[in-house]
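J.: Compute the structure for the input listed below.
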Amino acid sequence: MEQDPQSPQEPSAAGDSAGRDAAEQPMFDKPNLQLRDPDPYAFANRIRKLMVIAGVLGLLAVAPYLTRIFAYQTRLGQMQAEYETASAALGELAPQLKAFEEASRSIAKKVGPSVVSINKLVYSRGRGRMEGVGSGFIVDPEGYVITNHHVVAGAERLLVRFSSGDTSDATIVGSDERTDLAVLKINGGGLPALKWGASDDLQMGDLVWAMGSPFGLDNSITFGIVSATARRRSSGVTDDVYQEFFQSDVAVNPGNSGGPMVNLSGEVVGVNTMIIGQSFRGVSFSIPSELANEQYEEIREKGYVERGFLGVSPQKPSSTVRKQLGLDQGEGVIVTRLQNNTPASDAGLRNNDVILRWNDHRAFDPTVLSQQIASTEVGADAKVLVRRLENGKPIDKELTVRVGRLAGN
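T.: As a prediction, this is how the structure comes out:
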């Protein structure tokens, strides 16, 4: 039968298969990739995360400030509590503090009229008039004034100015360079005089007041406490065995030299004499009133200080010497550098003898012993108890010394 060209032909099996494969072929080459619709909550989640991060960062930024605010509030509470406690305490202490304030004012009023400013005038060729300023205080209504030797040394004229502003010329009765004391005399009678106090009674921590003219500023008063007593050569403060001081933290400056240091009763317990350095550093030194009064009486009577002389250099014994002689700690003063043809050699003292007693005084410190020898009347006989080694054994021996006169007084 002849095939009709117009009739559709049925596809072959192979062609049918190829057509099906073409119809099932996906749009892309990756058959496992599937397209999905985006998450409608993703943007909101990202916003929330950003807000959380921003909040954390904000807290971190303000945390120090909040911490400071909290700490300040805590301190403020503590300060308020301390303020209230202190206010209550001051209320209770007010009467005592007021009493102390009144006492300090009374001391200034009592002591002030007796304190003077001293102007030292020196006339030098080519340089005109030169001035130095110091302080002093009246110790006798007849016009006797105590000051330091270095305040008046080399003066051609001395002008004393009172707290009232009045002035008077002064003459030097006498002075002693070794203890740095001088006695002046001014005209007049019935002057307000200070009384001597007992410096031997001073203890560390005692209140003391100083008056004088620091830097030329008249009638200045300061106060503090006694820092230490018995500052002698062994402390390194001085090289002179005849000097002794007590130490305080009272503000003393150039111009205060020669002024009084007084106790709670307004009595003189010291003469201000020196500081360490060119200006006050919290350490000042005063001559004890016991020593100053003794020197004052002698200068007023003789015009100078006469000192007894032995002819030895006293020192503290070493630990070896103490052991050899059976001495207790702080007992005795050893004889060194004994001079020939002196009261010591004439009496039979030897180098390395240890002096145990001078008359009725126990020997324990070289400076104190030197002062005791110096205060012994020239020409008087003194009993000296010494300990020495003889045949390797310590023995005690009493000697009699006729006291000589120290040259240069």
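J.: Let me see the mean pLDDT of the lengthiest helix in the chain.
T.: Longest helix in the chain by number of residues, with DSSP state H as the criterion: helix 42-111. Taken as a whole, helix 42-111 has a mean pLDDT of 82.
J.: Also stretch 345-359?
T.: In the prediction, stretch 345-359 has an average pLDDT of 96.
J.: Can you pull up the most central residue in this structure?
T.: Nearest to the mean C-alpha position of the chain, by Cα atoms, centre = their mean, lies Gly282 at 3.7 Å.
J.: Surely that residue is in contact with Asp249?
T.: Yes: between Gly282 and Asp249 there is a contact at 5.3 Å, judged by Cβ atoms under 8 Å. All C-beta spots, glycine's among them, are computed from the backbone N, C-alpha and C.
J.: hang on, the earlier thing: for the longest helix of the chain, packing partners?
T.: strand 207-212, strand 220-231, strand 260-262 (3 or more Cβ pairs under 8 Å, 6 or more residues apart in numbering; DSSP states H and E).
J.: redo that, cut-off 6 Å
T.: On a contact count with 3 or more Cβ pairs under 6 Å, 6 or more residues apart in numbering; DSSP states H and E, helix 42-111 meets no helix or strand.
J.: send the alpha carbons of the helix or strand just after that helix over as CSV?
T.: Per DSSP states H and E, the first helix or strand lying C-terminal to helix 42-111 is strand 115-124. The C-alpha coordinates for strand 115-124 follow below in CSV (Å, rounded to 0.1, in the frame of the first residue of the first chain):
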residue,chain,number,x,y,z
VAL,A,115,61.8,89.8,124.3
VAL,A,116,64.0,92.3,122.4
SER,A,117,65.3,92.6,118.9
ILE,A,118,69.1,93.3,118.7
ASN,A,119,70.7,95.2,115.8
LYS,A,120,74.4,94.8,115.5
LEU,A,121,76.1,97.7,113.7
VAL,A,122,79.5,97.5,112.2
TYR,A,123,81.2,100.3,110.4
SER,A,124,83.5,99.2,107.6
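J.: who does strand 115-124 touch, helix- and strand-wise?
T.: Using 3+ Cβ pairs under 6 Å, 6+ apart, strand 115-124 is in contact with strand 128-140, strand 157-161.
J.: element containing Ser168, please.
T.: Residue-wise, Ser168 maps onto strand 167-176 under DSSP H and E.
J.: Run the angle between that strand and strand 115-124 for me.
T.: 80 degrees (axes from the mean of the first three to the mean of the last three Cα atoms, to 10 degrees).
J.: Direction included, what does the helix or strand just after strand 167-176 pair up with?
T.: For strand 167-176, the following helix or strand on the C-terminal side (DSSP H and E) is strand 181-186. Strand 181-186 has its sheet partners listed here by DSSP bridges as strand 144-147 (antiparallel), strand 167-176 (antiparallel).
J.: Buried deepest among those strands, which one?
T.: strand 144-147 (a mean of 26; mean count of other Cβ atoms under 10 Å).
J.: With just CA atoms, put that strand into CSV.
T.: Taking Å, rounded to 0.1, in the frame of the first residue of the first chain, the C-alpha atoms of strand 144-147 are listed here in CSV:
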residue,chain,number,x,y,z
TYR,A,144,70.3,92.6,131.9
VAL,A,145,69.7,90.8,128.6
ILE,A,146,70.7,87.3,127.5
THR,A,147,71.6,86.6,123.8
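J.: how far out from the middle of the chain is the strand holding Ser168?
T.: 33 Å (Cα atoms, centre = their mean, to the nearest Å).
J.: Measure how it sits relative to strand 157-161, angle-wise.
T.: Going by the same axes, to 10 degrees, strand 167-176 makes 120 degrees with strand 157-161.
J.: For Trp358, see how far away the residue nearest to the centre of the chain is.
T.: 36 Å (Cβ to Cβ, to the nearest Å).
J.: Can I get the strands paired with strand 181-186 in CSV including distance to Ser319?
T.: Converted to CSV, the strands paired with strand 181-186 look like this (distance: least, Cβ to Cβ, whole Å):
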stretch, distance to Ser319
strand 144-147, 41
strand 167-176, 36
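J.: so which of these comes closest to Thr229?
T.: Closest approach to Thr229 among the strands paired with strand 181-186 (Cβ to Cβ): strand 144-147, 20.3 Å.
J.: pull the helix or strand with minimum mean pLDDT from this protein.
T.: The weakest-scoring helix or strand in the chain, judged by mean pLDDT, DSSP states H and E, is helix 13-24 (a mean of 48).
J.: Output the strand holding Ser168 as PDB, nothing but the C-alphas.
T.: C-alpha atoms of strand 167-176 as PDB (Å, rounded to 0.1, in the frame of the first residue of the first chain):
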ATOM      1  CA  THR A 167      65.000 101.500 121.300                       C
ATOM      2  CA  SER A 168      68.000 101.700 123.600                       C
ATOM      3  CA  ASP A 169      71.700 101.300 123.200                       C
ATOM      4  CA  ALA A 170      73.300  98.300 124.900                       C
ATOM      5  CA  THR A 171      76.700  97.400 126.200                       C
ATOM      6  CA  ILE A 172      78.300  94.000 126.400                       C
ATOM      7  CA  VAL A 173      78.900  92.900 130.000                       C
ATOM      8  CA  GLY A 174      80.700  89.800 128.800                       C
ATOM      9  CA  SER A 175      80.300  86.700 126.600                       C
ATOM     10  CA  ASP A 176      81.500  83.100 126.200                       C
END
